[in-house]
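Chemist: Just to be clear, the model below is a prediction. Sequence and coordinates:
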Amino acid sequence: MNTVAIRKKIHEYIDHADERSLRLVYSMVRSEEGKTETDFYSTTTEEMITRANSSLKSVEERKTRNIRAFKKEIDEWMKNPAIR
């Protein structure tokens, strides 16, 4: 898929996304603003702690779910015979 097609799909998704999905996409965009490829490798310990705390807060506020809840949801989802 080329860049133009990817942009089109993303725009279509955003046009029909619910508030939770929009917030997730927005937070992803904000976290990437002004970054370069090397930024990932130059993250400080303090930045990693801040990100971890932000993620925990997001789980506590039920804006997202923790890994255990996610795995449980996937297990339930996989039990659906229509998926297999």
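Modeler: Perfect, I can see it now.

Chemist: Pull out the buried residues from the top helix by length along the chain.
Modeler: Counting by DSSP state H, the longest helix found in the chain is helix 45-60. By neighbour count on 16 or more other CB atoms under 10 Å, the buried set for helix 45-60 is Ser58. For every residue, glycine as well, the C-beta is placed using N, CA and C.

Chemist: name the helices or strands packed onto it?
Modeler: If you count contacts as 3 or more CB pairs under 8 Å, 6 or more residues apart in numbering; DSSP states H and E, helix 45-60 packs onto no helix or strand.

Chemist: mind checking how far that helix is from the chain centre?
Modeler: With CA atoms, centre = their mean, to the nearest Å as the basis, helix 45-60 stands 14 Å off its chain's centre.

Chemist: now the angle from the next helix or strand after that helix to helix 45-60?
Modeler: As assigned by DSSP states H and E, the chain's next helix or strand after helix 45-60 is helix 67-78. Relative orientation of helix 67-78 versus helix 45-60 (axes from the mean of the first three to the mean of the last three CA atoms, to 10 degrees): 50 degrees.

Chemist: and helix 67-78, average pLDDT?
Modeler: Mean per-residue pLDDT for helix 67-78: 85.

Chemist: Please work out the average pLDDT along the longest helix of the chain.
Modeler: 87.

Chemist: Give me the contact list for that helix.
Modeler: Applying CB atoms under 8 Å, 6 or more residues apart in numbering, the contact partners of helix 45-60 are 64-66.

Chemist: Reformat the residues you listed as CSV; add distance to Arg51 and neighbour count.
Modeler: Formatted as CSV, those follow (distance: CB to CB, whole Å; neighbours: other CB atoms under 10 Å):
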residue, distance to Arg51, neighbour count
Thr64, 13, 16
Arg65, 17, 13
Asn66, 15, 13
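
Chemist: Put together TSV for those, with distance to Arg20 on each row.
Modeler: As requested, these are exported to TSV (distance: CB to CB, whole Å):
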residue	distance to Arg20
Thr64	8
Arg65	11
Asn66	16
